[in-house]
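Visitor: Prediction below, plus the sequence it came from.
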Amino acid sequence: MVAKKIRIVVLSALLLFWGVPLTLAGQPSVGKVVAIKGAASIGRAGGQVPAKVKGELFASDTVKTAAGSRAKLLFIDDSVLTLSENSTLVVQEFIDGQGKQGRSIYNLLDGKLRSVVGKTKFEVRTPTAVAAARGTVIFFDVGKVKNESYSRIICLEGKVEVNNVVSSVRGTTLLTPGTMVVVKAGQVPPPAVPAPPAELEKARRATSSSAASGESSGSGSASSSSSDGGSAKSASAETQENTGNTGSTGTPALPAVSGTSSAGTGFAPPVQTLPIKQPTRVNITIGIPH
């Protein structure tokens, strides 16, 4: 009996040492970390662990990036999410499936996110907005100006439906490539406007692994790897960002996007990246109460 207890304690210690909470032991993953620049962490039921390349992701995980850091995440529906510095993303729900059966919901609590979405239904919720799409490329910028929350959403490819996160606030804005919308708390999303070239460039720099000088070419290997579903779209999106809609008439004054220096000042050492094996597809859904 004593020996059995000792084995359980040792196994528990090893699981915690490996960064796998006991509550997730045996639970299938929904994705992996494929690239990290700087430092990032993953919060889950058993606590918080450093994010590592090839590290598994589970439904209900919270991914955070530190100052001057970025993280690229690959999910089993072939969606690729790239977090900029000082960003917090929650994997709220993930149902693996083909076509309309597949669904993923993420909460972007703060920071910037670029998503290359697979063919399944994809939804990102922010403190002020909900964006729904499939097969698109989207940029999100979430923050505050004078203590007022805002969510800036730019469509780079495909179409995106944007609503206020409060369901009682009626009104939907449809974004098409090269257009954007800024959604504020408690307000109906305004009509889409052309995204100025400067905003498209800032969006690209904020979430592109090649934005800072001094990065190793290993970052590119993650993007070009066949396991990085949607990488072709990502490259196409960067081209569009540089050649996107140039109309800026009627574009409202917007909070500036920070962390866009191309010089790499203050950024952490080169990206860690390794080739990964595509995770086994599974069906899983974990709801998080609001």
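Guide: That came through, no problem.
Visitor: List the backbone torsions phi and psi for Glu201.
Guide: The phi/psi pair for Glu201 (degrees, to the nearest 10) reads phi -70, psi -40.
Visitor: Please report how far it lies from Leu175.
Guide: Note on Glu201: its distance to Leu175, by Cβ to Cβ, to the nearest Å, is 18 Å. Every C-beta, even on glycine, is put in place using the N, C-alpha and C of the backbone.
Visitor: What segments of the stretch 51-200 of the chain are strands?
Guide: 56-57, 62-65, 70-75, 80-83, 88-95, 103-116, 121-125, 129-133, 137-145, 148-157, 160-164, 172-175, 179-184, 193-194 (DSSP state E, counting those that start in this stretch).
Visitor: ok, and what's touching the first one?
Guide: Where contact means Cβ atoms under 8 Å, 6 or more residues apart in numbering, the residues beyond strand 56-57 that reach it are Ser29, Val30, Gly31, Lys32, Val33, Ile42, Val63, Leu73, Phe75, Val91, Pro279.
Visitor: which residues does Glu85 contact?
Guide: Neighbours of Glu85 in contact, by Cβ under 8 Å, 6+ apart: Gly38, Thr65, Ala66, Ala67, Gly68, Ser69, Arg70, Gly111, Gly259.
Visitor: Burial check on Val188, number of neighbours?
Guide: Residues near Val188, counting by other Cβ atoms under 10 Å, number 13.
Visitor: Identify the residues contacting it.
Guide: Contacts of Val188 (Cβ under 8 Å, 6+ apart): Asn164, Val169, Arg170, Gly171.
Visitor: and it, backbone torsions?
Guide: Backbone torsions for Val188, taken as degrees, to the nearest 10, come to phi -60, psi 130.
Visitor: ok, Ser127 to Val165 distance?
Guide: One correction, residue 127 is Pro, not Ser. From Pro127 over to Val165 the distance is 7 Å, taken as Cβ to Cβ.
Visitor: One more: Asn86?
Guide: 21 Å.
Visitor: Over to Ala133?
Guide: Taken as Cβ to Cβ, the span from Ala133 to Val165 is 16 Å.
Visitor: Please apply the same query to Met180.
Guide: Distance from Met180 to Val165, by Cβ to Cβ: 18 Å.
Visitor: now Thr65
Guide: Here Thr65 is placed at a distance of 22 Å from Val165 (Cβ to Cβ).
Visitor: what's the answer for Ser84, then?
Guide: Distance, Ser84 to Val165, by Cβ to Cβ: 21 Å.
Visitor: Next: Ala40.
Guide: Counting by Cβ to Cβ, the gap from Ala40 to Val165 is 25 Å.
Visitor: Those two - which one has more neighbours?
Guide: Ala40 (23 against 19).
Visitor: so what's the residue nearest to that one when sequence neighbours are not counted scoring on pLDDT?
Guide: Using Cβ to Cβ, 6 or more residues apart in numbering and skipping the chain neighbours, the partner closest in space to Ala40 is Ala51 (3.9 Å). Looking at Ala51, its pLDDT stands at 97.
Visitor: who touches Ala51 in this structure?
Guide: Each residue near Ala51 by Cβ under 8 Å, 6+ apart is listed here: Val33, Ile36, Ala39, Ala40, Ser41, Ile42, Val63, Ala71.
Visitor: try 7 Å this time
Guide: The neighbourhood of Ala51, defined by Cβ atoms under 7 Å, 6 or more residues apart in numbering, consists of Val33, Ile36, Ala40, Ser41, Ile42, Val63, Ala71.
Visitor: what mean pLDDT does the helix or strand hosting Ala206 have?
Guide: Per DSSP states H and E: Ala206 is located in helix 197-207. Taken as a whole, helix 197-207 has a mean pLDDT of 89.
Visitor: relative to strand 179-184, how tilted is that helix?
Guide: 70 degrees (axes from the mean of the first three to the mean of the last three Cα atoms, to 10 degrees).
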